[in-house]
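Asker: Below are the sequence and a predicted model; questions follow.
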Amino acid sequence: MDLRVTIVQTTLHWQEAEANRRMFSEKLAAAAPATDLIVLPEMFTTGFSMNAAELAEEAEGPTLAWMQQLSIQHQAVITGSVIVKEKGNYYNRLLWVRPDGSYARYDKRHLFRMAKEHHTYAAGSEQLIVDLNGWKVCPLVCYDLRFPVWSRNTGDKAYDLLLYVANWPKARHQAWRTLLKARAIENLAYVAGLNRVGTDGNGHPYSGGSAIIHPKGHTLLEASEVEGIYTIALNREELKEYREAFPAHLDADSFTLGS
């Protein structure tokens, strides 16, 4: 079965959660995509902010409830990351919300030290592999893209689609484009990367460039520097045939991730 993926590339209201939730509701209602998965950016309710003390929600806060309603409305999984407070720590947490109301979570492992993210947020320690219509999906967050070991497609962490939600600045756009392709080629998997556009409250511009990459490394979809909602169907049979014809994964190095 093909997997329909919808990516929502947009600007964000700086540190205004309610305004951002309303904006996404309106955009998706207008587009009304027939899809299996809707992808929102990193910290989609606030922008990439270190003001966690004021912006963090409880683990089951208003944004999770909103995502659950949106998932039911569109009959699709909704994913993206938000600022969460739990057990005295703040997390940049990706939520994977299903139409039946259930959800999974992934806490960003690699915290962007150049913005001192590691001084505000606690790092996650567990990868997440989720099932969606017979596909295995590994959702990650922004800076995780630079770390191929954490993204490695192997063993009991095998997946078909590697997904990154991001606030990736314009200054490093070439790295974004290059690394998305590298992750697809080395992992024999589809890769989807969703980035934002516009300028945040710290004056950092974002150039979008959201993309979906074929396992062979060619680009199936690449957005420009403007807002847009894009849906593409990923072909499961094509992925299977390529892996059978070019089974490089059988020669991959085995390893165990430490804490």
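Answerer: Nice, thanks for sending it over.
Asker: Quick check: bridge partners of the residue most central in space within the chain?
Answerer: The centroid of the chain falls nearest to Val165 when counting by CA atoms, centre = their mean (2.7 Å). Beta-bridge partners recorded for Val165 (DSSP bridges): Val141, Leu194.
Asker: Next one: it relative to Asp200, how far apart?
Answerer: Distance of Val165 to Asp200, given as CB to CB, to the nearest Å: 15 Å. Quick note: C-beta positions are derived from backbone N, CA and C, even for glycine.
Asker: how far does stretch 118-136 sit from the chain's center?
Answerer: How far stretch 118-136 lies from its chain's middle: 10 Å, per CA atoms, centre = their mean, to the nearest Å.
Asker: Check stretch 224-232 too.
Answerer: 15 Å.
Asker: residues in contact with Asn51?
Answerer: Contacts for Asn51 were tallied using CB atoms under 8 Å, 6 or more residues apart in numbering; they are Gln15.
Asker: State the distance from it to Trp14.
Answerer: Taking CB to CB as the measure, Asn51 falls 10 Å from Trp14.
Asker: Which parts of the protein are helices?
Answerer: 17-31, 52-55, 62-74, 117-120, 173-187, 236-245 (DSSP state H).
Asker: just how off-centre is the fourth one within its chain?
Answerer: Between the mean C-alpha location of helix 117-120 and the chain-wide mean there is a distance of 20 Å, by CA atoms, centre = their mean.
Asker: which of the residues in it are buried?
Answerer: Neighbour-count burial for helix 117-120 flags 117, 120 (criterion: 16 or more other CB atoms under 10 Å).
Asker: so what secondary structure elements neighbour it?
Answerer: Applying 3 or more CB pairs under 8 Å, 6 or more residues apart in numbering; DSSP states H and E, one finds that helix 117-120 makes contact with no other helix or strand.
Asker: which residues are in contact with that helix?
Answerer: Outside helix 117-120, the residues within contact range by CB under 8 Å, 6+ apart are 50, 52, 90, 92, 111-112, 143.
Asker: Please, a PyMOL command that selects the buried ones among the residues you listed?
Answerer: The buried residues among those can be selected in PyMOL (16+ other CB under 10 Å) with this line:
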select buried, resi 52+90+92+111+112+143
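Asker: which among the contacts of helix 117-120 gets closest to Ser81?
Answerer: Asn92 (5.6 Å; CB to CB).
Asker: about what we covered before: between the helices of the chain, which one is closest to Asp100.
Answerer: Asp100 lies closest to helix 62-74 among the helices of the chain, at 8.5 Å (CB to CB).
Asker: Give me the angle between that closest one and helix 17-31.
Answerer: Interaxial angle of helix 62-74 relative to helix 17-31 (axes from the mean of the first three to the mean of the last three CA atoms, to 10 degrees): 10 degrees.
Asker: and helix 62-74, average pLDDT?
Answerer: Across helix 62-74, the average pLDDT comes to 98.
Asker: who touches it?
Answerer: 17, 21, 24-25, 28, 33, 35, 38, 45, 57, 77-78, 80, 82, 95, 97-99, 101, 103.
Asker: among those residues, which ones are buried?
Answerer: 17, 21, 24, 28, 33, 35, 38, 45, 57, 77-78, 80, 82, 95, 97-98, 103.
Asker: Can you flag which of these belong to strands?
Answerer: 38, 57, 77-78, 80, 82, 95, 97, 103 (DSSP state E).
Asker: Dump those into JSON lines; add distance to Val226 as well.
Answerer: JSON lines is the format used below for those (distance: CB to CB, whole Å):
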{"residue": "Ile38", "distance to Val226": "19"}
{"residue": "Glu57", "distance to Val226": "30"}
{"residue": "Val77", "distance to Val226": "25"}
{"residue": "Ile78", "distance to Val226": "23"}
{"residue": "Gly80", "distance to Val226": "19"}
{"residue": "Val82", "distance to Val226": "24"}
{"residue": "Leu95", "distance to Val226": "26"}
{"residue": "Val97", "distance to Val226": "27"}
{"residue": "Tyr103", "distance to Val226": "31"}
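Asker: No further queries at this time; thank you.
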